[in-house]
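*Asks:* I'll drop the sequence and a predicted model, then ask my questions.
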Amino acid sequence: MGQQQLLLLVFGIIIVAVAVIAGLFAMDEKMRQSATDTLIGRNLTIASEAVFWKTKRDPYSGGNASYAGLESDGMKKLFLGEYTNDGFFRITHADDNSLQITAVSLRYPELGVRTYINEYSIDSTMVRYDGSITAD
């Protein structure tokens, strides 16, 4: 009877260990997805501010129907910080009719998000987990 109880105890420990390891992998995946969602949300906020800035006709605080003024120091002109607790954000391309916003996670440096704006609407958002998107 003692050997059966010992065998059941060992099997129980093995099952619990496998469940804990699976839970850790699931938690890591969920945290990575949460970081992705946060970067996308911040990119959309920046895109909204940029579209609003483009529509302003003020020569000192507006784009006069062009994104080109956001090319060099666009985040400052939009009064948004480049760094948050979640990532680094930068306007990586701007011309008259298109804008490109890039974000890189601070927790997961291989995670990058790029949002494309064409005219007054968001064209697409690209997410990469392989480090191919950088904010340089």
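*Replies:* Perfect, thanks for sending it. The shown structure was predicted, so the numbers you read here are calculated from the model rather than taken from an experiment.
*Asks:* for stretch 67-82, which positions count as buried?
*Replies:* Using 16 or more other Cβ atoms under 10 Å as the test for burial, stretch 67-82 gives Tyr67, Ala68, Gly69, Leu70, Gly74, Met75, Lys77, Leu78, Leu80. For the C-beta atoms, the positions are set from N, CA and C on the backbone; glycine is no exception.
*Asks:* Then stretch 110-119?
*Replies:* Quick answer for stretch 110-119 (16+ other Cβ under 10 Å): Leu111, Gly112, Val113, Arg114, Thr115, Ile117.
*Asks:* Now render these as CSV, adding secondary structure.
*Replies:* Listed next are the buried residues of stretch 110-119 as CSV, based on DSSP: H, G, I helix; E, B strand; the rest coil:
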residue, secondary structure
Leu111, coil
Gly112, strand
Val113, strand
Arg114, strand
Thr115, strand
Ile117, strand
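*Asks:* just to revisit the earlier point, pick the one among the buried residues of stretch 67-82 closest to Ser48.
*Replies:* Of all the buried residues of stretch 67-82, Ser48 sits closest to Leu78, with 9.8 Å by Cβ to Cβ.
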